[in-house]
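*Asks:* What follows is a predicted structure for the sequence shown.
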Protein chains: 2
Amino acid sequence: MSSTSDFRGICIRHGLAATHQRQVIYETVMSLPGHPSAETIYEKVRERIPSISLATVYKNIRTFLESGVFQEVSFHHGSLRVEANRRPHHHLVCTRCRSIIDLEEDELEPVRLRDTYARGFQVQRFAVDVVGICDTCSKAEAISQK
Amino acid sequence: MSSTSDFRGICIRHGLAATHQRQVIYETVMSLPGHPSAETIYEKVRERIPSISLATVYKNIRTFLESGVFQEVSFHHGSLRVEANRRPHHHLVCTRCRSIIDLEEDELEPVRLRDTYARGFQVQRFAVDVVGICDTCSKAEAISQK
DNA sequence: CTAGATGCAAACAGTTTGCGTCACT
DNA sequence: AGTGACGCAAACTGTTTGCATCTAG
């Protein structure tokens, strides 16, 4: 029973209409393994609603992301960004303005996999995004909330 | 002196022709702060070569990335990917096939900023990409190198 | 009944490609 | 001289938007 009522509860909590399309998109994302793209979700949803529009899928993905029902895999999905800094370093990523600030490697405690881990993956390096709100945005927010 | 000869050395080492356009693009990327987009680089390069084509800028960025002269800020710059996994976790990212595998949070030693750090950034969470070669790709490579 | 959701097509942004001409090596 | 680079325009992919119609609340 929980699947349907989960969905309705989520919609109520976020002030969203519980439409059929929205529900199928939600269930499809939950059912797909890994990190599906909009196109993948669209293909899968069409098996249940052949007449659905790709725009509807995009609009609902956006809606779910904005209400925090789903997350984006990465904050870097936009256009290609070039990194000239050859020193190993990490990034501070602001969720508000999407700005990226370099963080020197020694500003972070060393990152390590627990030695129990293997899976045949050959590690080359660790790239850490410190996700949060930058100084500028948190000040701007403080003002707007007066 | 080193700037020009740096560039020529890089070109020789990577088997690239040392053209004027290529040099200006290289110098521009090195001079720009942060993580410029192709468009930003193009705008800046045009100050020195007004007739340059955007396609040339793109082609050269690709060339530099492929030869490792520059890096991409992130391996996630493609299309939007949706993450339904609500549990905190990290990612194994394969540089060869670009696949993304979830890594449970407890498979990594806890990530921490050194307490000296501040800059007014409000940290929400750490998103770690363990960058390397996945099992499938490393096996494929072993075979192709026979 | 009405705000918000859907479907369609057109618009857009970012990026790549084909091809004729030009320039490094 | 020949291979690869450039410039241009057209093509392409991923995504958003405007608008008329429909539907959940």
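*Replies:* Structure's in. What do you need? Predicted model only: the values in this text are computed from it and were never measured.
*Asks:* What confidence value was assigned to residue A:27?
*Replies:* Residue A:27 is assigned a pLDDT of 98 by the prediction.
*Asks:* SS state for it?
*Replies:* Secondary structure state of residue A:27, per DSSP: H, G, I helix; E, B strand; the rest coil, is helix.
*Asks:* That one: neighbour count?
*Replies:* 17 (other Cβ atoms under 10 Å in any protein chain shown). C-beta coordinates here come from the backbone N, C-alpha and C atoms, glycine included.
*Asks:* Confirm for me that it is in contact with residue A:6.
*Replies:* No. The criterion here is Cβ atoms under 8 Å, and residue A:27 misses it with residue A:6 at 9.5 Å.
*Asks:* which ones are touching residue A:137?
*Replies:* Contact partners of residue A:137, counting by Cβ atoms under 8 Å, 6 or more residues apart in numbering or on different chains, are A:94, A:96-97.
*Asks:* how about these in JSON lines, adding distance to chain B, pLDDT and secondary structure?
*Replies:* Formatted as JSON lines, the contacts of residue A:137 follow (distance: Cβ to the nearest Cβ, whole Å; pLDDT from 0 to 100; DSSP: H, G, I helix; E, B strand; the rest coil):
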{"residue": "A:94", "distance to chain B": "8", "pLDDT": "90", "secondary structure": "strand"}
{"residue": "A:96", "distance to chain B": "10", "pLDDT": "83", "secondary structure": "coil"}
{"residue": "A:97", "distance to chain B": "12", "pLDDT": "84", "secondary structure": "coil"}
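*Asks:* how much space is there between the residue nearest to residue A:88 when sequence neighbours are not counted and residue A:91?
*Replies:* In space, and not counting its chain neighbours, residue A:88 is closest to residue A:105: 4.8 Å by Cβ to Cβ, 6 or more residues apart in numbering or on different chains. Residue A:105 sits 11 Å away from residue A:91, going by Cβ to Cβ, to the nearest Å.
*Asks:* More neighbours: which of the two?
*Replies:* Per other Cβ under 10 Å, whichever of residue A:105 and residue A:91 has more neighbours is residue A:91, with 21 against 15.
*Asks:* Could you list every helix and strand that the one helix or strand that one maps to packs against?
*Replies:* Assigned by DSSP states H and E, residue A:91 falls within strand A:89-94. If you count contacts as 3 or more Cβ pairs under 8 Å, 6 or more residues apart in numbering or on different chains; DSSP states H and E, strand A:89-94 packs onto strand A:100-104, strand A:122-133.
*Asks:* distance between it and the chain's centre?
*Replies:* Computed by Cα atoms, centre = their mean, to the nearest Å, the chain-centroid distance of strand A:89-94 equals 16 Å.
*Asks:* What strands line up against that strand, and which way round?
*Replies:* The pairing partners recorded for strand A:89-94 under DSSP bridges are strand A:100-104 (antiparallel), strand A:122-133 (parallel).
*Asks:* Run through the residues that contact residue A:85.
*Replies:* residue A:102.
*Asks:* Low-confidence stretches in chain A?
*Replies:* The model of chain A has pLDDT under 70 over residues A:1-5, A:115-118, A:144-146.
*Asks:* Just the buried subset of the contacts of residue A:137, please.
*Replies:* Buried subset of the contacts of residue A:137 (neighbour count, 16 or more other Cβ atoms under 10 Å in any protein chain shown): residue A:94.
*Asks:* ok, of the contacts of residue A:137, which one's closest to residue A:13?
*Replies:* Among the contacts of residue A:137, residue A:96 lies closest to residue A:13 (Cβ to Cβ), at 22.6 Å.
*Asks:* Alright, I will stop here.
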